[in-house]
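Colleague: Mind folding the following:
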Amino acid sequence: MSRIPLPATKSALLRLRADLEFLEAGRELLDQKREFLNEALLSFDREAWALRERLEHELRETAGALAEAHAALGDEGLRRLALAAAPLQLPEVRERSLMGVAVPMVQPRVEEDRAAGAVLAAAPGESGAAAAQVARRLRRLAEPLAELGALESSCLRLAAELARTRRKLNALELVHIPNHRETIRFIAERLEEREREALFQLKRVKSLARSRS
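Modeller: Numbers count the residues shown, from 1 in each chain. A predicted model of the protein is given here:
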């Protein structure tokens with residue numbers, strides 16, 4: 001803790017008190033922001049963990065279905081069907097603001113399963129059905145994978161902003177506010193001391209005046 005280099009005057013004292021009120025109000029706002037960011041980060045992290053577990057399960061099942069399709073069609077058959085599939089329409093990603101932090105948000109997209117239809121048309125029969133199942137699974141995974149990426153990106157951005165907010169809050173609580181309080185105390189004591197000295201001098205002058213009269 002150290003004093004701010006200011007003259008011990010009433011104007012400096014008034015200015016410091018006003019600055020202290022501003023700093024304390026800022027501390028309250030930063031503390032509220034810290035709590036909000038911490039809760040939001042925990043919520044996004046829980047969502048990401050739950051979605052990640054579900055996706056890992058679905059990816060394992062998709063890998064098993066892909067192995068069955070590969071056994072039925074081989075490398076060349078799967079490559080031919082992949083070329084016949086319609087392009088995948090990726091979900092739209094937008095941003096929204098959370099306490100000034102831009103976080104990505106996936107917009108749901110509804111579309112027909114054209115890729116699976118293309119696979120079925122190119123490879124009718126049981127082997128084509130197995131490949132179409134893989135295509136359907138992969139297309140269904142596109143949106144939740146994008147959601148997982150958005151959640152993880154949001155966690156990183158919120159964590160970075162939370163760290164910055166904590167640094168600012170610590171600077172206020174440990175440096176700026178204590179320094180202002182210490183300086184206010186010092187200047188107030190100096191002004192009181194000067195008032196006592198002035199009052200003492202005034203009493204002395206009056207006493208001398210009475211003694212001469």
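Colleague: Show me which helix runs longest in this structure.
Modeller: In the chain, assigned by DSSP state H, the helix with the most residues is helix 10-84.
Colleague: residue contacts, Leu55?
Modeller: Applying C-beta atoms under 8 Å, 6 or more residues apart in numbering to Leu55 gives the contacts 141, 144-145, 148. The C-beta positions use only the backbone N, C-alpha and C, and glycine is treated the same way.
Colleague: Buried members of those into ChimeraX, please.
Modeller: To isolate in ChimeraX the members of those that are buried, counting by 16 or more other C-beta atoms under 10 Å, one can use:
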select :144,145,148
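Colleague: Out of the contacts of Leu55, the closest to Leu14 would be?
Modeller: Nearest to Leu14 among these is Leu148, at 55.0 Å by C-beta to C-beta.
Colleague: Name the nearest residue to the closest one, ignoring sequence neighbours.
Modeller: Closest residue to Leu148 apart from its sequence neighbours, by C-beta to C-beta, 6 or more residues apart in numbering: Leu51 at 5.1 Å.
Colleague: Repeat that for Phe36.
Modeller: Met99 (5.6 Å).
Colleague: Surely the one you found and Glu161 touch.
Modeller: Yes: contact status for Met99 versus Glu161: in contact at 7.4 Å, counting by C-beta atoms under 8 Å.
Colleague: which of the two has more neighbours?
Modeller: Using other C-beta atoms under 10 Å as the criterion, Met99 and Glu161 rank with Glu161 on top: 21 against 15.
Colleague: Please tell me I have it right and the more buried one contacts Gly100.
Modeller: Yes: contact criterion C-beta under 8 Å: Glu161 and Gly100 qualify, at 7.4 Å.
Colleague: Going C-terminal from the helix or strand bottoming out on mean pLDDT in the chain, what's the next secondary structure element?
Modeller: Here the helix or strand of the chain ranked lowest by mean pLDDT, DSSP states H and E is helix 114-122, holding a mean of 47. Next along the chain after helix 114-122, taking DSSP states H and E as the criterion, comes helix 126-171.
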